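S.K.: quick check, what structure comes out for this input:
(2 chains)
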Amino acid sequence: MTTVLAAEAGSTTARNLTITLFLIFVAITLAITVWASRQTKTATDFYAGGRSFSGFQNGMAIGGDYMSAASFLGIAGIIALNGYDGFLYSIGFLVAWLVALLLVAELLRNSGRYTMADVLAFRMRQRPVRTAAAVSTITVSIFYLLAQMVGAGALVALLLGIKPGTTFLGMDADTAKVATIILVGALMIIYVTVGGMKGTTYVQIVKAFLLMTGAVVMTLLVLAHYKFNLSTLLGDAAAASGKGENFLRPGLKYGVESGDALKTFYSKMDLLSLGIALVLGTAGLPHILIRFYTVPTAKAARKSVLWAIGIIGVFYLLTLALGFGAAALVGGTAITAQDKAGNTAAPQLAEKLGLDFLGGDLGGATLLAIIAAVAFATILAVVAGLTLASSSSLAHDFYANVVKNGQASERQEVNVARISALVIGAISILLSIFAQSLNVAFLVALAFAVAASGNLPAILYSLFWKRFNTSGAVWAIYGGLLAAVVLVFFSPVVSGAPTAMFPEHDWHWFPLTNPGIISIPFGFLCGWVGTLLSKEHDEEKYAELEVRSLTGAGAH
Amino acid sequence: MSTDTPASAPAESAAERYLAVQRSDEFAGLRRALRGFIFPMTVAFFLWYALYVILSAYARGFMGTKLFGNINVALIFGLLQFVSTFVIAWLYARFADRKIDPVADRIRAEIGEVTHDDGPRG
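M.R.: The predicted structure is shown next:
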């Protein structure tokens, strides 16, 4: 039960292999990017990959865009350390796709062009709505980006086994973290500025394929070890965790029952709040929404969500086996010795599986290296999607439609999008370096909360509520966004708790770590009140939006 | 292809055309069919999911009940969320293929024909 990463134990095989595999991935994706750049001539090519992807390709790309390191390493880690509770995350992340499938994907594909705001501003005054949508898109994307990039920095030091006091290529752990953040940032800028949506999509497809393959192989090894008896695996995991049957029930991490009745109440509210934000956030994430524009028709958009549900669903079932497998075979003590949050559970499991079943040290080093490289690929694909979404919104919504009042040429717009990607990438790198010593893992949950509180109400009202207007859209977006951000700022994840972003300070008064249960209804309420406060109503434009969204007439 | 910005408003005939289509019985039927499926289904899966989250928070004893071996209610309930998601996705795909696409295609074709005529709607 004292398995440690080979790299840490001094073996450089895994480290060299990881770097080699990672460089191969980078080389292949850069080649794809250069190829994609030759195919990228129009704005539609840059923003929407020429709308030429098939439902299956886009489904894979959605999987690649969606299954972040937080999903792969994070959920496996939560299950490995806290058992069942990690599964709650998986289920929320999956069920959320039904909102996208039933209510959003096809209607958005039919009526929009490049960004989320195309649909929101369809029958509204362009400038206020597009400004609000751009603010929200960039906020959500940057929160998400920061969490991924800071995570990447921490991860590389762990996976390459750079401990405080040791060096790698002359870098100590802190320098290596900064170097990783800059490398990840530089690559995502290249993918987006050079390859546009086409390049980014292929990077995501390749990543989804690698991630699924890695997860399937590891799951098969775990299950084979237990002769495909899930019950034995769970029993072993529970026994190894030292928490017995509680390990297989909800409650070790979320909704914790303590002696303090008020604490217990808040903890359970927090669980409900998280659950709501997860299920309603996905269909409001701009980097997910713009993926629906990469296919030619609404029917293809439907097919891509169906594929995405299949791929993502299977993946989350696999993480169940990986998480419990790591608990049983690696053990919580060995995992927390590497990383307190459990993010290295999956790579450690890979090494253990290779060690036991694939021919000893070399097998262990190989499988570890493969999974570590897959984890880097995962991060790269996700940050590229986020950078593309935010730069598209900045160029298409803010520059072309607010600054230039819709008078910018296609060429100008795409140039601005490329520059935006560079600027947003650079800002993200700087913020990530600044934030690398802070605990920013909560930013992913915050991004989901903002998406669910601001974007989703605006999108649903826009598509389904005849009376909805400019004032309502602006109120919904800013109201939901502000509520989520303000509540989190005054919550225990930012101050007033040992695990907070600023543990030494305490200005918190909001007791929950997830704002969703308040901010999501608040966002919907704001949209409703804002609508009623204005008499504006464009009957003709609503008719056009409704007919186009339902039938695909006049679709781009 | 029309633009997506009200700033550059399409020709008046196009706006009238969309209004006429929106008010047609055929379109009303399409809207009714679509909403009749997606709204109840959304409510259903949301309540089903909410039940799961609420039980996870407040019914630990029930969720921990062992069914066979180490497989307990919580695990089966969670796996059923996967099953229900897959089933609803499949039901919707079947419904949309059969009931929505043919009508939407027909209405789109009608609008398309008028657009090609480029004249007032006859």
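S.K.: residues near the residue of chain B found nearest chain A, how many?
M.R.: Residue of chain B nearest chain A, by C-beta to the nearest C-beta: residue B:69 (3.1 Å). Using the backbone N, CA and C atoms, a C-beta is placed for each residue, glycine as well. Number of residues near residue B:69 (other C-beta atoms under 10 Å in any protein chain shown) recorded here: 12.
S.K.: so who does it touch?
M.R.: Neighbour list for residue B:69: A:229, A:231-232, A:234-235 [criterion: C-beta atoms under 8 Å, 6 or more residues apart in numbering or on different chains].
S.K.: chain B contacts on the stretch 51-200 of chain A?
M.R.: A:84, A:87-88, A:91-92, A:94-95, A:97-99, A:101-103, A:106, A:111-113, A:118, A:121-126 (C-beta under 8 Å from any C-beta of the partner chain).
S.K.: how does it look with 6 Å?
M.R.: A:84, A:87, A:91, A:94-95, A:98, A:101-102, A:113, A:118, A:126 (C-beta under 6 Å from any C-beta of the partner chain).
S.K.: with chain A instead?
M.R.: So chain A meets chain B at A:84, A:87, A:91, A:94-95, A:98, A:101-102, A:113, A:118, A:126, A:231, A:234-235, A:248-251, A:255, A:268, A:271-272, A:275, A:279, A:306, A:309, A:313, A:406, A:540-541, A:543-544, A:546-547, A:550-554 (C-beta under 6 Å from any C-beta).
S.K.: among these, which are located in helices?
M.R.: Assigned to helices by DSSP state H, the following of these qualify: A:87, A:91, A:94-95, A:98, A:118, A:126, A:231, A:234-235, A:268, A:271-272, A:275, A:279, A:306, A:309, A:313, A:540-541, A:543-544, A:546-547, A:550-551.
S.K.: strands of chain B, residue ranges please.
M.R.: Secondary structure of chain B (DSSP state E): strands located at B:66-68, B:71-72.
S.K.: most packed of those?
M.R.: Ranked by mean neighbour count, the strands of chain B are led by strand B:71-72 with a mean of 18 (mean count of other C-beta atoms under 10 Å in any protein chain shown).
S.K.: max-length helix in the chain?
M.R.: Unless you meant another one, I'm taking chain A. In chain A, ranked by residue count with DSSP H as the criterion, the top helix is helix A:173-225.
S.K.: looking at chain B here, not the other one
M.R.: Ranking each helix of chain B by length (DSSP H) puts helix B:25-58 first.
S.K.: buried set for it?
M.R.: B:27, B:30-31, B:34, B:37-38, B:41-42, B:45-46, B:49, B:52-53, B:55-57 (16 or more other C-beta atoms under 10 Å in any protein chain shown).
S.K.: so which elements touch it?
M.R.: Packing partners of helix B:25-58 (3 or more C-beta pairs under 6 Å, 6 or more residues apart in numbering or on different chains; DSSP states H and E): helix A:261-281, helix B:73-95.
S.K.: quick one: mean pLDDT for the longest helix of chain A?
M.R.: Helix A:173-225 shows a mean pLDDT of 93 in the predicted model.
S.K.: tell me which other helices or strands it touches.
M.R.: On a contact count with 3+ C-beta pairs under 6 Å, 6+ apart, helix A:173-225 meets helix A:13-39, helix A:43-48, helix A:55-66, helix A:126-159, helix A:298-329, helix A:345-357, helix A:360-392, helix A:410-435.
S.K.: surely residue A:37 meets residue A:194?
M.R.: Yes - if you go by C-beta atoms under 6 Å, residue A:37 and residue A:194 touch, sitting 4.8 Å apart.
S.K.: relative to helix A:539-551, how tilted is the least confident helix or strand in chain B by mean pLDDT?
M.R.: One helix or strand of chain B scores below all others by mean pLDDT, DSSP states H and E: helix B:101-117, with a mean of 81. Helix B:101-117 and helix A:539-551 are oriented at 130 degrees to each other (axes from the mean of the first three to the mean of the last three C-alpha atoms, to 10 degrees).
S.K.: residues making contact with helix B:101-117?
M.R.: Outside helix B:101-117, the residues that touch it by C-beta atoms under 6 Å, 6 or more residues apart in numbering or on different chains are A:551-553, B:17, B:30, B:121.
S.K.: mind doing that once more with 8 Å?
M.R.: For helix B:101-117, using C-beta under 8 Å, 6+ apart, the contacting residues are A:298-299, A:547, A:550-554, B:14, B:17-18, B:21, B:26-27, B:29-30, B:33, B:121.
S.K.: same question for stretch B:87-97.
M.R.: A:97-98, A:101-102, A:106, A:299, A:302, A:305-306, A:309, B:37-38, B:41, B:44-45.
S.K.: ok, of those, which one's closest to residue A:208?
M.R.: residue A:309 (13.5 Å; C-beta to C-beta).
S.K.: now that closest one: how far from residue A:76?
M.R.: 20 Å (C-beta to C-beta, to the nearest Å).
S.K.: higher neighbour count, those two?
M.R.: Taking other C-beta under 10 Å, residue A:309 and residue A:76 do not tie; residue A:76 has more neighbours (33 against 27).
S.K.: picking up where we left off before, quick one, which of the helices and strands packed on helix B:25-58 gets closest to residue A:152.
M.R.: Among the helices and strands packed on helix B:25-58, if distance is taken as C-beta to C-beta, the winner is helix A:261-281, at 21.8 Å.
S.K.: for the helix or strand following that closest one, packing partners?
M.R.: Note on helix A:261-281: by DSSP states H and E, the next helix or strand toward the C-terminus is helix A:286-289. Under the contact definition 3 or more C-beta pairs under 8 Å, 6 or more residues apart in numbering or on different chains; DSSP states H and E, helix A:286-289 sits against helix A:55-66, helix A:126-159, helix A:360-392.
S.K.: so who does the spatially most central residue of chain B touch?
M.R.: By C-alpha atoms, centre = their mean, the mean C-alpha position of chain B lies nearest to residue B:38, the distance being 4.0 Å. For residue B:38, the contact set (C-beta under 8 Å, 6+ apart) comprises A:102-103, B:92.
S.K.: which residue comes closest to the residue of the stretch 101-250 of chain A found nearest chain B once chain neighbours are left out?
M.R.: Of all residues in the stretch 101-250 of chain A, residue A:231 sits closest to chain B, at 3.1 Å by C-beta to the nearest C-beta. Leaving aside its sequence neighbours, residue A:231 sits nearest to residue B:69 (C-beta to C-beta, 6 or more residues apart in numbering or on different chains; 3.1 Å).
S.K.: just read off the phi/psi values of the one you found.
M.R.: Taking degrees, to the nearest 10, you get phi 50, psi -130 for the backbone angles of residue B:69.
S.K.: repeat for residue B:70
M.R.: phi -100, psi 10.
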